[in-house]
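my questions are about this predicted structure, shown below with the sequence.
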Amino acid sequence: MSAATQEANAGTTPVREGYSFDEAALSRWMEANVDGFAGPLAVEQFKGGQSNPTYKLLTPGRSYVLRRKPPGPVLKGAHAVEREAKVLAALGSVGFPVAHVHGLCTDDSVIGSWFYVMEMVEGRIFWEATFPDVPAAERPAYFDAMNATIAQLHSIDHEAVGLGDYGKPGNYFARQVGRWSKQYLEDELAGRDPNMDALVEWLPTAIPDGDETSVVHGDFRCDNMIFHPTEPRVIAVLDWELSTLGHPLADFAYHAMMYHMPPHIVAGLVGADLEALNIPSEAEYVAAYCRRTGRDTIPSWDFYMAFNFFRLAAIFHGIKGRYLRGTAASANAKVRAEAFPVLARLAREAMERCV
């Protein structure tokens, strides 16, 4: 990720036009619903382009984070902040590193849309997968911390923590391939790509045997984690918008895509000298996850990689369509539209390693 992109996404700014709300009404709600809250309250908005607007709430004693549905009409099922609050509370109840949820509000009359308030976790976010700010001798411990955290997530009994209805169990790959193929094929303005066409045909025929279900994060990357201020330890996993019940190997392979990802697209290690940087190899990283989750190996690894590059390519194809229609006119949307064929090619290359 470039320094300019990092600057565009890190930190806060005054609340942007169209995203303000009645701060006095929020303060009254927090007095009634958040233990220990004491004003006065000041509000800033995080810069990042989350689909759910996110705010920093400052008081003399402590800071909080508020996530809300966007103001105005939204598609049914979209921007489901109540799902985020539910998964955070459930995972936090068994010691998984997430921010503590102080309260959920489903009353539009307070600030104009549903929202929840959680703790503000102070620590470090690493925007580049090479962890350039970490001494080389310490880098293996940071990779091991990420590995341990995703293995912990996939080992949680979702039924026992009240997430049995958090998604559809089973048949994850068939459903996902169908969903993203349909979206890709229907967006004619964004155009067709021969690599994507090949994957649409091949993926349904190559789904590995065996089915598993766990909570999956859906976007588990180094820049979606907060690390301890000084230690190689994950203290909070962020951005649960894509979380659901799914196949843990799909989720882990998405995370491990960093080994095949050009860093200008999302945090990736392509082009990095892993040995010189003292970063574990892909094989070592996969083996560590296997040890933690009781597996000998991960057969069909390249299928999982092809699936994840296809899924991400389909998402970027959708962004390309919105950009061409003028409904996603940000510079970031243009960059992602341009990255679509690269992701499609990487998906095709993973497919060809399978056949």
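Arrived safely.

against G210, how distant is the most centrally placed residue in the chain?
Geometric centre of the chain, nearest residue: D219, 2.8 Å, by Cα atoms, centre = their mean. Distance, D219 to G210, by Cβ to Cβ, to the nearest Å: 24 Å. C-beta here means a position set from N, CA and C on the backbone, and glycine is covered the same way.

and P73, what pLDDT?
At P73, the model reports a pLDDT of 55.

hang on, I meant A350
97.

okay, and it sits in which element?
helix 331-354 (DSSP states H and E).

just checking, what packs against that helix?
Judged by 3 or more Cβ pairs under 8 Å, 6 or more residues apart in numbering; DSSP states H and E, helix 331-354 is in contact with helix 194-202, helix 301-325.

mind saving the C-alpha coords of it as PDB?
Taking C-alpha atoms only, helix 331-354 is exported to PDB below (Å, rounded to 0.1, in the frame of the first residue of the first chain):
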ATOM      1  CA  ALA A 331      -9.600   7.600  -7.100                       C
ATOM      2  CA  ASN A 332      -9.500   4.400  -5.000                       C
ATOM      3  CA  ALA A 333     -12.300   2.900  -7.200                       C
ATOM      4  CA  LYS A 334     -10.400   3.700 -10.300                       C
ATOM      5  CA  VAL A 335      -7.300   1.900  -8.900                       C
ATOM      6  CA  ARG A 336      -9.300  -1.100  -8.000                       C
ATOM      7  CA  ALA A 337     -11.000  -1.200 -11.400                       C
ATOM      8  CA  GLU A 338      -7.500  -1.300 -13.000                       C
ATOM      9  CA  ALA A 339      -6.400  -4.100 -10.700                       C
ATOM     10  CA  PHE A 340      -9.300  -6.400 -11.700                       C
ATOM     11  CA  PRO A 341      -7.500  -8.100 -14.700                       C
ATOM     12  CA  VAL A 342      -4.400  -8.700 -12.500                       C
ATOM     13  CA  LEU A 343      -6.500 -10.500  -9.900                       C
ATOM     14  CA  ALA A 344      -8.200 -12.500 -12.700                       C
ATOM     15  CA  ARG A 345      -4.800 -13.500 -14.100                       C
ATOM     16  CA  LEU A 346      -3.600 -14.600 -10.600                       C
ATOM     17  CA  ALA A 347      -6.800 -16.700 -10.200                       C
ATOM     18  CA  ARG A 348      -6.200 -18.300 -13.600                       C
ATOM     19  CA  GLU A 349      -2.600 -19.100 -12.700                       C
ATOM     20  CA  ALA A 350      -3.700 -20.800  -9.400                       C
ATOM     21  CA  MET A 351      -6.300 -22.700 -11.400                       C
ATOM     22  CA  GLU A 352      -3.600 -23.900 -13.800                       C
ATOM     23  CA  ARG A 353      -1.500 -25.200 -11.000                       C
ATOM     24  CA  CYS A 354      -4.500 -27.500 -10.200                       C
END
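
okay, the angle between it and helix 301-325?
Helix 331-354 runs at 150 degrees relative to helix 301-325, counting by axes from the mean of the first three to the mean of the last three Cα atoms, to 10 degrees.

list the contacts of helix 331-354.
For helix 331-354, the surrounding residues in contact (Cβ atoms under 8 Å, 6 or more residues apart in numbering) are 5, 8, 49, 190, 193, 195-196, 198-199, 202-203, 206, 260-262, 264-265, 300, 302-303, 305-306, 309-310, 312-313, 316-317, 319-320, 322-324.

just the buried subset of the residues you listed, please.
8, 190, 193, 195-196, 198-199, 202-203, 206, 260-261, 265, 300, 302-303, 305-306, 309-310, 312-313, 316-317, 319-320, 322-324 (16 or more other Cβ atoms under 10 Å).

any idea where the helices of the stretch 51-200 of the chain begin and end?
81-92, 108-111, 139-155, 172-186, 194-202 (DSSP state H, counting those that start in this stretch).

which one of the ones you listed lies closest to E44?
Nearest to E44, of all the helices of the stretch 51-200 of the chain, is helix 108-111, at 15.0 Å by Cβ to Cβ.

so for the closest one, what gets flagged as buried?
Those would be V110, I111, for helix 108-111 by 16+ other Cβ under 10 Å.

would you mind measuring from A276 to V286?
From A276 to V286 the distance is 21 Å (Cβ to Cβ).

which one's more surrounded, those two?
Taking neighbours as other Cβ atoms under 10 Å, A276 and V286 compare with V286 leading, 20 against 8.

host element of that one?
Using DSSP H and E, V286 falls in helix 282-293.

just the CA trace of that helix, in CSV.
The C-alpha trace of helix 282-293 is given here as CSV (Å, rounded to 0.1, in the frame of the first residue of the first chain):
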residue,chain,number,x,y,z
GLU,A,282,4.3,-19.8,2.6
ALA,A,283,5.0,-23.5,3.4
GLU,A,284,6.1,-22.7,6.9
TYR,A,285,3.1,-20.4,7.5
VAL,A,286,0.6,-23.1,6.2
ALA,A,287,2.3,-25.7,8.4
ALA,A,288,2.0,-23.5,11.5
TYR,A,289,-1.8,-23.2,10.8
CYS,A,290,-2.1,-26.9,10.3
ARG,A,291,-0.4,-27.6,13.6
ARG,A,292,-2.7,-25.3,15.4
THR,A,293,-5.9,-26.7,13.8
